[in-house]
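Trainee: I would like the atomic coordinates for the input below:
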Amino acid sequence: DILLKPILEAAGKDISHWFDENRQDIRIEVDQLTNCQRYHTPRGRFAHIPPLFPRSDWCNAFGTPWWRDPKYEVGCLTAKTRNVRIINTLTGQEHVIEACSEETVNDILERYLEHNAHAASYTWKYNEVPLKMDRTLEENGIVDEDETFYELQMEPDDYRQSILLYFNDDLTEL
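Mentor: Here you go, the predicted structure:
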């Protein structure tokens, strides 16, 4: 179907620029020919976008347009990501995890389990202070310094904050 072409061309890419952040809808523009508002679709009209002129063959009985249907939602766009080094003090292993600014330490722990299945049996600390697992890195005092490093023309990867994991002998695994 020709109306799927713009969507298929954008598959796997960020299409947030198609949407008006305030209206939570496809961007609109004023058509120069008709002087009427229409959806802004620079890559061509796509599924659930009405044609510019009235047409008897356009069916609008589809209900909710795909961009408002939660079943097509892949995830939320984060405000910012950053890399955090996680060091297991028992084994000395280091892993770098990319974390969203909205993620709690528990969310990061869930993704870290692929590196250490017993990560929940550790105390997570930053600057010798145990982290509150239900809070974000910022809320735990781990400030994102990427912008400062950029201004100072320093490589942020060379000065990445480290979370230290201390093993708790909690006897959860026998």
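Trainee: poorly predicted segments of the protein, please.
Mentor: 170-174 (pLDDT under 70).
Trainee: where along it do the helices fall?
Mentor: 5-9, 105-112, 146-151 (DSSP state H).
Trainee: okay if I get those helices as JSON lines plus mean neighbour count?
Mentor: Any C-beta I mention is one placed from the backbone N, CA and C, and that applies to glycine too. Output for these, formatted as JSON lines (neighbours: other Cβ atoms under 10 Å):
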{"stretch": "helix 5-9", "mean neighbour count": "14"}
{"stretch": "helix 105-112", "mean neighbour count": "18"}
{"stretch": "helix 146-151", "mean neighbour count": "12"}
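Trainee: could you export those as JSON lines, including distance to Glu138?
Mentor: As requested, the helices of the chain are exported to JSON lines (distance: least, Cβ to Cβ, whole Å):
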{"stretch": "helix 5-9", "distance to Glu138": "35"}
{"stretch": "helix 105-112", "distance to Glu138": "11"}
{"stretch": "helix 146-151", "distance to Glu138": "12"}
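Trainee: compare those helices and give me the one nearest Arg68.
Mentor: helix 5-9 (14.7 Å; Cβ to Cβ).
Trainee: which strands and helices lie in contact with that closest one?
Mentor: Packing contacts for helix 5-9, counted by 3 or more Cβ pairs under 8 Å, 6 or more residues apart in numbering; DSSP states H and E, involve no helix or strand.
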